[in-house]
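Participant: here is a sequence together with a model predicted from it:
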Amino acid sequence: MKRRARRRLARPRFGPATKLVLTLVLAVSTLAACGETGRPRHSQAAPSTSAVPTTRPDVPTTREPPMQPSKPVDLRVIPAPVSARSNGVAGFTLEPTARIVTQTGSPEVGRIGRYLAGILRPSTGYDLPVVSGGGTDQAIVLRLDGDPGLGAEGYRLEVSAATVTLQAHGPAGLFHGVQTLRQLLPASVERSGVQRGPWRLPAVRVEDRPRFAWRGAALDVARHFFTVAEVKRYIDLISLYKLNTLHLHLTDDQGWRIAIDGWPRLATHGGSTQVGGGRGGYYTKKDYQSIVGYARDRYVTVVPEVDVPGHVNAALASYPQLNCNGRAPELYTGTHVGFTSLCLRKAVTYRFLDDVLGELAALTPGPYLHIGGDEADTVPEDQYAKFMERVQRMVEAHGKHAIGWQEAAKGTLLDASVVQYWDTRSSPAAVRRAAQQGNKVVMSPASKVYLDMKYDAHTRLGLEWAGHVEVRDAYDWDPGTLLDGVDAGHVLGVEAQLWSETLEGISDAERMAFPRLPGVAEVGWSTASSRDWEGYRHRLAEQAPRWAAMGVSYHRSPQVPWAG
């Protein structure tokens with residue numbers, strides 16, 4: 001209970017013993033404010049909590065000191081949560097007797113509990129059984145009974161001396177809360193062998209939910225092929241930062257990467273090479289379903305892209321009837337764009353597309369299919385607009401919604417179709433018009449989030465056509481104010497692109513994605529008012545030991561004061 005301040009009538013006088021006690025109390029308070037190490041925490045304005053309900057969830061009674069008034073605390077996690085406050089009590093130490101308790105019969109909650117145990121067991125060496133119900137002392141408790149105001153992806157996390165309680169309204173929220181909990185533990189928790197503790201969590205209360213629904217990362221497997229294991233590795237990395245969409249660029253001039261039953265040469269011939277030559281590769285239906293299932297268990301939705309009417313040399317080389325002249329070109333291993341197109345006047349073209357989109361829709365549980373639409377430089381504008389409208393209707397007929405690059409907005413868009421803005425060199429007028437007509441926009445400005453752009457002139461990998469994209473460029477922008485006439489209400493979300501012309505394997509992909517990708521994740525998740533470059537770059541620096549423990553290749557940008 002707060003005491004009312006009383007007017008002081010006279011200055012109190014203290015004896016030597018009393019002065020000594022007051023000095024000790026002041027010293028202890030100062031150390032507590034500085035954290036375990038005694039170093040001052042980096043100051044940061046507390047995020048707004050207006051969007052998230054503040055009702056405290058019920059927590060088990062524990063044998064701990066009375067709660068003190070909470071105060072904002074700067075958690076060193078990415079993305080920054082909406083609200084984080086100190087509990088004013090001792091933190092939680094994970095002991096060998098700890099358990100993970102799921103207080104619901106939902107199979108999804110049990111799966112999330114086993115996922116968390118699978119992360120913690122190898123490094124702690126603790127058994128960490130996952131049990132349904134029971135006592136909560138020395139337990140991490142997962143509860144699917146959170147306030148509906150948190151939405152499908154929000155969560156509450158409360159850490160006390162005896163119990164860690166993670167509460168959400170939907171399973172995705174629990175999973176995202178696990179990622180916050182994971183980042184609050186020492187970085188060595190990410191190592192595969194048993195490490196020395198202690199495994200401590202600070203006493204905090206976190207309430208959190210995302211700003212935007214679509215928080216994506218695109219991986220181009222067409223220019224250079226990535227194995228199933230490499231794609232799953234990328235899914236693990238993006239889900240750590242609460243990204244929820246994997247956009248797989250499956251087809252391009254240099255390769256076709258998905259098997260289609262009715263058109264088998266797309267994969268066996270069209271997928272047989274890549275940029276610079278080499279073996280290429282493709283995903284069988286079983287491979288693709290394995291990727292989709294792995295992503296689903298990490299609350300990541302796969303959005304497959306079949307890029308048409310341009311970027312189709314691999315398809316044209318596989319089936320000559322898709323060409324207007326009926327002749328198949330040679331397989332292509334270069335990087336030039338804009339020189340190919342399907343033959344838009346042939347009926348076989350639309351039969352081909354209907355088969356491909358139908359098979360892909362059946363394999364993909366998510367609501368979207370990406371139909372490309374960019375850089376179709378050889379197609380007249382009137383023919384292009386009619387083609388894109390027809391393909392959107394095919395997608396809708398197969399029970400999905402279409403998403404296309406910003407060029408698609410030049411024609412007629414169906415009500416549920418989504419536009420993806422990317423080309424910062426051209427006019428955004430069509431994107432603006434689409435947004436004002438009610439179509440949602442995914443923001444992927446090349447000068448901000450194209451992770452295949454070089455960091456600077458000395459970067460070994462990457463391209464430069466959109467300029468250099470440093471860590472601050474990827475972080476310090478707002479999707480809700482980027483384009484005049486396209487405000488936050490029009491924006492479905494953000495997505496970072498990783499094109500693979502110069503990338504050969506997951507190590508190259510990681511070096512270009514990190515450290516920029518976490519910044520894009522925070523742009524998509526955190527409130528605009530809570531984001532601050534100076535505070536963020538210090539939080540980002542503290543991710544380095546975690547990446548080292550995980551074996552992640554990353555670029556040590558001079559903009560970041562790296563830890564370790």
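Facilitator: All right, it came through fine.
Participant: going forward, measure contacts between C-alpha atoms and count neighbours the same way
Facilitator: Noted.
Participant: what about the helices in the stretch 151-300 of the chain?
Facilitator: 171-184, 228-240, 265-268, 285-296 (DSSP state H, counting those that start in this stretch).
Participant: deepest of those helices, which one?
Facilitator: helix 171-184 (a mean of 23; mean count of other C-alpha atoms under 10 Å).
Participant: tilt between that helix and helix 228-240?
Facilitator: 80 degrees (axes from the mean of the first three to the mean of the last three C-alpha atoms, to 10 degrees).
Participant: mind checking the pLDDT average for helix 171-184?
Facilitator: Averaged over helix 171-184, pLDDT sits at 98.
Participant: CA atoms of it as PDB?
Facilitator: Output of helix 171-184 as PDB, limited to C-alpha atoms (Å, rounded to 0.1, in the frame of the first residue of the first chain):
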ATOM      1  CA  PRO A 171      -0.900 -21.300 -29.100                       C
ATOM      2  CA  ALA A 172       1.100 -19.000 -31.300                       C
ATOM      3  CA  GLY A 173       1.200 -16.600 -28.400                       C
ATOM      4  CA  LEU A 174       2.700 -19.300 -26.100                       C
ATOM      5  CA  PHE A 175       5.300 -20.100 -28.700                       C
ATOM      6  CA  HIS A 176       6.300 -16.400 -29.000                       C
ATOM      7  CA  GLY A 177       6.500 -16.200 -25.300                       C
ATOM      8  CA  VAL A 178       8.800 -19.100 -25.200                       C
ATOM      9  CA  GLN A 179      11.200 -17.200 -27.500                       C
ATOM     10  CA  THR A 180      11.200 -14.300 -25.000                       C
ATOM     11  CA  LEU A 181      11.900 -16.700 -22.200                       C
ATOM     12  CA  ARG A 182      14.700 -18.200 -24.200                       C
ATOM     13  CA  GLN A 183      16.400 -14.900 -24.800                       C
ATOM     14  CA  LEU A 184      16.200 -14.000 -21.100                       C
END
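Participant: who touches residue 493 in this structure?
Facilitator: 212, 213, 214, 215, 216, 441, 442, 443, 479, 524 (C-alpha atoms under 8 Å, 6 or more residues apart in numbering).
Participant: what would these look like in CSV with pLDDT and distance to residue 563?
Facilitator: Formatted as CSV, those follow (pLDDT from 0 to 100; distance: C-alpha to C-alpha, whole Å):
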residue, pLDDT, distance to residue 563
212, 98, 30
213, 98, 32
214, 98, 31
215, 98, 27
216, 98, 27
441, 98, 37
442, 98, 33
443, 98, 31
479, 98, 29
524, 98, 25
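Participant: which of these sits closest to residue 161?
Facilitator: residue 524 (32.5 Å; C-alpha to C-alpha).
Participant: what residues sit buried inside the helix or strand hosting that closest one?
Facilitator: Taking DSSP states H and E as the criterion, residue 524 maps to helix 516-525. Neighbour-count burial for helix 516-525 flags 516, 517, 518, 519, 520, 521, 522, 523, 524, 525 (criterion: 16 or more other C-alpha atoms under 10 Å).
Participant: what residues does that helix touch?
Facilitator: 78-80, 209-212, 214-215, 238, 241-243, 449, 451, 470-471, 474-475, 477-479, 493-496, 531, 540.
Participant: show residues contacting the helix or strand that that helix is followed by.
Facilitator: Toward the C-terminus, helix 516-525 is succeeded by helix 533-541 as the next helix or strand (DSSP H and E). In this structure, residues lying in contact with helix 533-541 by C-alpha under 8 Å, 6+ apart are 42-44, 76-78, 472, 475-476, 515, 518, 559-563.
Participant: helices - which of these land there?
Facilitator: Among the contacts of helix 533-541, the ones falling in helices (DSSP state H) are 472, 475, 518.
Participant: right, I'll call it a day here.
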